[in-house]
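Trainee: attaching a predicted model along with its sequence, questions to come.
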Amino acid sequence: MSQDDQSVKSGQTGPSPTPEKIETPSISAQGSVNLRRLFFMLFPVAALFGLLAYFNQTEFVIDTLNMKLDESTFSFLSLYVLFPLSILLSLIWWSFLSGVTWKSWFLGLVGLVAVCGGVVASVRIESMEGDMFPRFAWRWSPTSEDLARESKATQKKSDLDVSLRELEIADSDWPQFRNDDREGRVLDVQLDRDFQNNPPEELWRIKVGLGWSSFSIVDDLCWTQEQLDDEELVVCYELKTGKEVWSHADKTRWSEAVGGDGPRGTPTIHEGKTYTLGGTGYLNCLNALTGDLIWQRKVLEDANADNTQWAMSGSPLIVGDRVIVNAGISQEELLKEPSDRQPGKAVIAYDKLTGEIVWAKGNHPASYAGVNFAELQGEQQLLVFDGDGVAGVDPENGDEQWRFEWSNMPKVNAAQPIVRGDQVFISSSYNSGSVLLNVSRDEDTWRSEPEWSKKNFFKLKFNDGVYKDGFIYGLDETLMSCIEMKTGRRKWKARSDTGFGQVILIGDLLTIITEGGELVFAEATPEEWRELYRMPAMSGKTWNNPAFANGYLLVRNYEEAVCYKLKLAE
């Protein structure tokens, strides 16, 4: 039987089929498969970075944190939540869903571990910026503390004979944190605006220890606080040369990764003495000319309190014959509702000559603003801006006259209140905002009621504002802004490239030291942001307040200090 007959018999017609040929995918087909795998591998990363781009243009609420996101909070979320999450999802996809062979998976894992190990071995986190982003440095490079230690060992000491001098504070001096009224202003001078032809003249530049202290200036001397190894220092320098006159050391150190190490307070100069509050609560009274210790207290022990999350930061306030500090309360009491707390000793008044406790009262947590002094309704009061809000306190006995609740999740109220008449302006970040209070009195009953209050508006995070002619200027997070005090209306808000810097007012010019160490001069006008001059002043993160007296501008950060001579207007 022929092959054709067999085909007919089996019901098949036509030529018999040839065996099916199995084709391998072409190069283009293989490329499509690989591209498809690559797409699905990168999809989680692309999706999350797409979310990042979206959220960077909008604001939203994280219920678990009860926090409305602004630029700085978004930065924190991006770096510490969404970015690690994208890496995790990518690893999950790579391991279980990408379809790569076990050999490829193993080689990829080894490569990832090698890269991560190399980064960890060669890079360290030097510090954290105000928006929670880290500053990196090579591990083999010297730290800021190494440079300060080396520099101090070789710096020439002052040969001034100060032992027989009298130290008198003039109106033109800058004797404490943000000047004598703590408002950061010098109004009786004007700066020459021709900065192009008369730029700030650098007189000296020195390495200093860690910390966020500012300078106090009296006569031809200046004082600040620093950290070097296990010693917290109070240091006096010559104003015009930067030479060290004396240094007082306490064996203590405040260390914290986000806020950084070292003291935060600024020396207060009063009647020939220097009063300082260190990061761990050491309250010193020193001879301002020699550095000799007169008396010392540990305020946290006196108050039975625990330190705040980012250290004692308020500078001592002198009122009459007393030194006032806000030490706060214990962590155990902090966890209670204010109404359930035991009577405490949060605010303490010490005798300025002996250090003996005159009174100690209050059961509210300390925050980061120093106690201030004001006259409200004709009566002198201490203004205490603590972790629960702002209060008026009788300086004679510590009794609280009035209180306005103003708090946030981390209990950070750091900006100095601004007082005009019987009105008190306060501001903070972390989902807070700003409010103007009317403080009134009906016989023995005090009241504090908002003239206006705006949530997430003009948020002074740890930067102080300045007042001029009915307007307040300051950093709304990282953006320079101007608002009208009596109405709360915003006049302008500008991308001023300042980061979390600091602002003071000299004459009619805003004098700003940016977080990156640039020195900026701008007009204090409600019309618009008018920058006049900008120059690099220091390297490294700068959170310290500038200080100005008699034409000398002092700026510093956790690495170095610089003195500039500013030309005054004729």
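Mentor: Looks like it arrived, so ask away.
Trainee: where does the prediction get shaky in the stretch 51-200 of the chain?
Mentor: Within the stretch 51-200 of the chain, the segments meeting pLDDT under 70 span 51-83, 98, 127, 130-133.
Trainee: contacts only, for Arg489.
Mentor: Neighbouring residues of Arg489 by Cβ atoms under 8 Å, 6 or more residues apart in numbering: Ile483. Every C-beta, even on glycine, is put in place using the N, C-alpha and C of the backbone.
Trainee: that's a strand at Ala137, yeah?
Mentor: Yes. Under DSSP: H, G, I helix; E, B strand; the rest coil, Ala137 falls within a strand.
Trainee: in contact with it, which residues?
Mentor: 123-124, 126, 143 are the contacts of Ala137 under Cβ under 8 Å, 6+ apart.
Trainee: looking at those residues, spot the one nearest Ser448.
Mentor: Glu126 (42.7 Å; Cβ to Cβ).
Trainee: relative to Met409, how far out is the nearest residue to Arg341 once chain neighbours are set aside?
Mentor: Spatially, and ignoring its direct neighbours in sequence, Arg341 is nearest to Asn363 (4.2 Å; Cβ to Cβ, 6 or more residues apart in numbering). Asn363 is 20 Å from Met409, where distance means Cβ to Cβ, to the nearest Å.
Trainee: what's the answer for Trp223, then?
Mentor: To Met409, Trp223 is 35 Å away according to Cβ to Cβ.
Trainee: out of the contacts of Ala137, which are buried?
Mentor: Neighbour counting over these (16 or more other Cβ atoms under 10 Å) leaves Glu126 as the buried ones.
Trainee: so of the contacts of Ala137, which ones are in strands?
Mentor: 123-124, 126 (DSSP state E).
Trainee: ok so, going back, of Asn363 and Met409, who's got more company?
Mentor: Asn363 (22 against 11; other Cβ atoms under 10 Å).
Trainee: so where's this structure shaky on pLDDT?
Mentor: The chain contains residues with pLDDT under 70 at 1-83, 98, 127, 130-133.
Trainee: just the helices in the protein please.
Mentor: Taking DSSP state H, the helices of the chain run over residues 3-9, 27-57, 71-77, 83-92, 102-122, 144-154, 299-303, 331-334.
Trainee: all strands of the stretch 401-550 of the chain, in order?
Mentor: Listed in chain order, the strands of the stretch 401-550 of the chain (DSSP state E, counting those that start in this stretch) span residues 418-420, 423-428, 433-442, 445-455, 466-468, 471-476, 479-484, 490-494, 502-506, 509-513, 518-523, 531-536, 547-549.
Trainee: could you do the stretch 251-400 of the chain as well?
Mentor: 268-270, 273-277, 282-287, 293-298, 317-319, 322-326, 347-351, 357-361, 372-376, 379-385, 389-393, 400-405.
Trainee: could I get those strands as TSV with mean neighbour count and distance to Lys156?
Mentor: Below are these laid out as TSV (neighbours: other Cβ atoms under 10 Å; distance: least, Cβ to Cβ, whole Å):
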stretch	mean neighbour count	distance to Lys156
strand 268-270	24	24
strand 273-277	26	22
strand 282-287	22	22
strand 293-298	16	25
strand 317-319	20	33
strand 322-326	26	34
strand 347-351	23	36
strand 357-361	17	41
strand 372-376	19	38
strand 379-385	22	41
strand 389-393	23	46
strand 400-405	18	50
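Trainee: sorry, back to before: and of the strands of the stretch 401-550 of the chain, who's closest to Ala327?
Mentor: Ala327 sits nearest to strand 423-428 of all those, at 20.0 Å, using Cβ to Cβ.
Trainee: got the CA coordinates for that closest one in CSV?
Mentor: Provided in CSV are the C-alpha atoms of strand 423-428 (Å, rounded to 0.1, in the frame of the first residue of the first chain):
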residue,chain,number,x,y,z
GLN,A,423,-0.5,91.7,72.9
VAL,A,424,1.7,88.6,72.8
PHE,A,425,2.6,86.9,69.5
ILE,A,426,3.8,83.3,69.5
SER,A,427,4.6,80.9,66.7
SER,A,428,5.8,77.3,66.3
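Trainee: buried residues in that strand?
Mentor: So, applying 16+ other Cβ under 10 Å, buried residues of strand 423-428: 424-428.
Trainee: now do the contacts for Gly272.
Mentor: Gly272 makes contact with 166-167, 287-289, according to Cβ under 8 Å, 6+ apart.
Trainee: what about it, distance to Ser247?
Mentor: Going from Gly272 to Ser247 by Cβ to Cβ gives 18 Å.
Trainee: now swap in Glu256 and tell me
Mentor: 23 Å.
Trainee: higher neighbour count, the two?
Mentor: Taking neighbours as other Cβ under 10 Å, Glu256 and Ser247 compare with Ser247 leading, 17 against 14.
Trainee: which residue packs closest to Pro175, ignoring adjacent ones?
Mentor: Pro175 sits nearest to Ile269 (Cβ to Cβ, 6+ apart), 4.3 Å away.
Trainee: quick one: neighbours of the residue lying closest to Ser151 once chain neighbours are set aside, just the number.
Mentor: Counting by Cβ to Cβ, 6+ apart, the nearest residue to Ser151 once its immediate chain neighbours are dropped is Lys207, at 3.6 Å. Lys207 has 18 neighbours, counted by other Cβ under 10 Å.
Trainee: also Val100?
Mentor: 15.
Trainee: now do Gly108
Mentor: For Gly108, the neighbour count with other Cβ under 10 Å is 15.
Trainee: isn't the residue nearest to Arg341 up against Gly344?
Mentor: Yes. Contact criterion Cβ atoms under 8 Å: Asn363 and Gly344 qualify, at 3.7 Å.
Trainee: give me the common contacts of the two.
Mentor: 329, 333.
Trainee: now do the contacts for Met555.
Mentor: I think there's a mix-up here, since residue 555 is Val and not Met. 513, 519, 537-538, 542, 544, 546, 561-562, 564.
Trainee: 6 Å - rerun?
Mentor: Contact partners of Val555, counting by Cβ atoms under 6 Å, 6 or more residues apart in numbering, are 513, 537, 546, 562.
Trainee: for Ala114, see how far away it is.
Mentor: Distance, Val555 to Ala114, using Cβ to Cβ: 43 Å.
Trainee: do Gly355 as well
Mentor: 58 Å.
Trainee: ok, those two, which is more surrounded?
Mentor: The neighbour comparison of Gly355 against Ala114 (other Cβ under 10 Å) goes to Gly355, with 15 against 10.
Trainee: what bridges to the closest residue to that one other than its chain neighbours?
Mentor: Nearest residue to Gly355, sequence neighbours excluded (Cβ to Cβ, 6+ apart): Trp295, at 3.6 Å. Going by DSSP bridges, Trp295 is paired in beta bridges with Cys285.
Trainee: picking up where we left off before, farthest-separated two in the contacts of Gly272?
Mentor: For those, the farthest-apart pair by Cβ to Cβ is Glu166 and Asn287; their separation is 12.3 Å.
Trainee: what residues are up against the closest residue to Val358 other than its chain neighbours?
Mentor: Counting by Cβ to Cβ, 6+ apart, Ala349 is the residue found nearest to Val358 once chain neighbours are left out, at 4.4 Å. Counting by Cβ under 6 Å, 6+ apart, Ala349 touches 322, 324, 358-359.
Trainee: is it true that His238 touches Asp159?
Mentor: I think there's a mix-up here, since residue 238 is Glu and not His. No. The pair Glu238 / Asp159 is not scored as a contact, 9.5 Å apart, by Cβ atoms under 6 Å.
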